[in-house]
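Chemist: Here is my input, please return the structure:
(2 chains)
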There are 2 protein chains.
Amino acid sequence: MSRFAERPAPAGPTVDGLTEGELLARIFPLLGAARGVLVGPGDDAAVLAAAGASVVISLDTLVEDHDFRLLRPNGFLTTGYDVGWKSAAQNLSDINAMGGTATSLVVSLTLPPHTSVAWVEDCARGLAAAIDGLGATGCSVVGGDLGGGAQLVVTAAVTGTLAGRAPVLRSGAAPGHILAVAGTLGRAAAGLALLEDGRPLEEFGPSAAELVAAQLRPRPPLAAGPAAAVAGASAMLDISDGLLRDAGRIAAASNVRLDLDPVALQPYVVPLEDAAARLGAAPLDWVLGGGEDHGLLASFPRDALLPPGFTAVGSVEPGAPLVTLASRATVLRGWDHFAD
Amino acid sequence: MSRFAERPAPAGPTVDGLTEGELLARIFPLLGAARGVLVGPGDDAAVLAAAGASVVISLDTLVEDHDFRLLRPNGFLTTGYDVGWKSAAQNLSDINAMGGTATSLVVSLTLPPHTSVAWVEDCARGLAAAIDGLGATGCSVVGGDLGGGAQLVVTAAVTGTLAGRAPVLRSGAAPGHILAVAGTLGRAAAGLALLEDGRPLEEFGPSAAELVAAQLRPRPPLAAGPAAAVAGASAMLDISDGLLRDAGRIAAASNVRLDLDPVALQPYVVPLEDAAARLGAAPLDWVLGGGEDHGLLASFPRDALLPPGFTAVGSVEPGAPLVTLASRATVLRGWDHFAD
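Modeler: Numbers count the residues shown, from 1 in each chain, chains lettered A, B, ... in the order given. From the prediction side, this is the model:
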């Protein structure tokens, strides 16, 4: 099926022709096997075996026309698979950012009546594919809720386990610590800029498809979070709103200045230069301000060995909460859901 | 503030004037103290102390104009407090229906830009008030997500503990068992009918306010679920889609016929007769078909002592999955989210 269309016309039957039970029966087989589950989907609630002395929990929501667009100006279609993948990925990333591993997802789908059943099935496939594809082998979708609404809304809540370790918070960065990043930076933002441009993607060269994939199907580095916890990370979060903005959160929670090294960021900038030139954009802006890659930003004591996947990008300095670039003040950039 | 208005005009500042951080800062203090929490709101995820060998988890969504209306035909306004209360109540009820007690809520709010900050604050107050007012003393709101959208959507996910007991599923009802109900029946449906009627509530007599309260701020009997588990309930669910429809779910999962006793249901019918007469409705329809009171339907072995709060309303019989009323076939009624 082509990803380009005049408009996202419903393919085949739509959800208003089905009961909730009928739609659930279509979705369940696509979600993969339940793992570590005592009671799976189909009762009032699911029951998981508790895998430790604590439970990590978070939730994230994707809203049509706010967090994703079904149809882009260039005719590109966002699929249900993309939205399901992204919902799982951003939730799994929150557990990763605490140093934990995910144990379950519960998912709420709010569906306009004209939503095609195929889109919903594709969304279920995307959820399962992200769990598998990102290596969250102890996790599965254990329950959910379906209902109607004016626009598509996908909310997932995620649970995780710390396997006996302490959670890695935002508040433990101390002067002298090393600042490091795992995963990609700026690629999802570049992909978004490509999608929002009116021109067909083909005009943007061979890197365009990869950058768009980073936006639609982000790949949080799920091995890196627990590895960072084991390695003694002093602070960590997932970069969902942009490096500067999220670094500012560690700076504020830890009451330190974070200094980023532009030379160390250069390897993240270079792969974006071609797309940036074609769009007339500044690739460093994407690296500093772009979220949604769902990489990790962490601080480590100076004598810690950086775990695999992490690259040093700066240092933790004494001083009032601030993020600097080569010791110079920066302007915070990034996404804010209401103020923009 | 009167609950009647020409239209729900935004009161004071709206959310599009605030950043997400500013709005969170307004909400946090209204949510009450975190309980049993190792890491509360403000990091990538919350961390709970695991209270047993298993974790119960569920989620439920309320969508504007589908699950609630801000403005009713009679001018009645649904407040943020009502929606927050109902979101907490329906989620707490899912844990109750497994025989568990709730340990945390995480809440996603999708807010149109014109939403008043006061409405959102009121929603936070309603969440906290329901947790306290319904006696979920081990539970608190531990995290959430805020974002924009075209209509109000409130999704809460809830975790719970079974305190070492087995979960009470839908599948354990066996012939000879007693069928019993905890909580109210039909009151929320009567309240909805009153709200959807064009006439002012005052015209419907003194019971109207109570019935409307049952619709807007349901009171699931949270002590009854764990008590049923202790008493040996063989099957249980929460009545969210109507007695007949939800009984049908136990019948299907347990492969039995459930026979309801109209005489035993009469005490639920009588308090609705006045409102029904004024609306030209049949009160038994509300009792059999109305959901949203979030009472419990459970089966117990014949020799079990019904725990406090439960009333016998029928029996479990052999036969193909079916719900009967005095052994006569019934027409299933109740809410379906897509097919109506």
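Chemist: tell me the SS of the residue most central in space within chain A?
Modeler: By C-alpha atoms, centre = their mean, chain A has its centre lying nearest to A:Gln90, at 3.1 Å. Under DSSP: H, G, I helix; E, B strand; the rest coil, the three-state class of A:Gln90 is helix.
Chemist: Could you find the closest non-adjacent residue to it?
Modeler: Closest residue to A:Gln90 in three dimensions, ignoring its sequence neighbours and counting by C-beta to C-beta, 6 or more residues apart in numbering or on different chains: A:Asp60, at 4.8 Å. C-beta: built from backbone N, CA, C; applies to glycine.
Chemist: picking that back up, pretty sure the residue nearest to the centre of chain A sits against A:Thr61.
Modeler: No. Applying C-beta atoms under 8 Å, one finds A:Gln90 not in contact with A:Thr61, separated by 9.4 Å.
Chemist: Stretch A:61-73: end-to-end distance?
Modeler: 23 Å (C-alpha to C-alpha, to the nearest Å).
Chemist: whoops, I mixed them up, stretch A:188-204
Modeler: Taking C-alpha to C-alpha, stretch A:188-204 runs 15 Å from one end to the other.
Chemist: Enumerate the positions of it that are buried.
Modeler: A:Ala188, A:Ala189, A:Ala190, A:Gly191, A:Leu192, A:Ala193, A:Leu194, A:Leu195, A:Asp197, A:Leu201, A:Phe204 (16 or more other C-beta atoms under 10 Å in any protein chain shown).
Chemist: could the residues you listed go into a markdown table alongside secondary structure, distance to chain B and pLDDT?
Modeler: Output for those, formatted as a markdown table (DSSP: H, G, I helix; E, B strand; the rest coil; distance: C-beta to the nearest C-beta, whole Å; pLDDT from 0 to 100):
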| residue | secondary structure | distance to chain B | pLDDT |
| --- | --- | --- | --- |
| A:Ala188 | helix | 17 | 97 |
| A:Ala189 | helix | 18 | 97 |
| A:Ala190 | helix | 23 | 97 |
| A:Gly191 | helix | 20 | 96 |
| A:Leu192 | helix | 16 | 95 |
| A:Ala193 | helix | 20 | 95 |
| A:Leu194 | helix | 23 | 95 |
| A:Leu195 | helix | 19 | 93 |
| A:Asp197 | coil | 23 | 91 |
| A:Leu201 | helix | 27 | 87 |
| A:Phe204 | helix | 29 | 88 |
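Chemist: any chance of those in JSON lines, plus distance to B:Ser54?
Modeler: Compiled in JSON lines, those are given as follows (distance: C-beta to C-beta, whole Å):
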{"residue": "A:Ala188", "distance to B:Ser54": "36"}
{"residue": "A:Ala189", "distance to B:Ser54": "41"}
{"residue": "A:Ala190", "distance to B:Ser54": "44"}
{"residue": "A:Gly191", "distance to B:Ser54": "40"}
{"residue": "A:Leu192", "distance to B:Ser54": "40"}
{"residue": "A:Ala193", "distance to B:Ser54": "46"}
{"residue": "A:Leu194", "distance to B:Ser54": "46"}
{"residue": "A:Leu195", "distance to B:Ser54": "43"}
{"residue": "A:Asp197", "distance to B:Ser54": "50"}
{"residue": "A:Leu201", "distance to B:Ser54": "47"}
{"residue": "A:Phe204", "distance to B:Ser54": "50"}
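Chemist: Quick check: the gap between the residue nearest to A:Val269 when sequence neighbours are not counted and chain B.
Modeler: Spatial nearest neighbour of A:Val269, chain neighbours left out: A:Pro283 (4.8 Å); criterion: C-beta to C-beta, 6+ apart. Look at A:Pro283 and chain B: by C-beta to the nearest C-beta, to the nearest Å, they are 26 Å apart.
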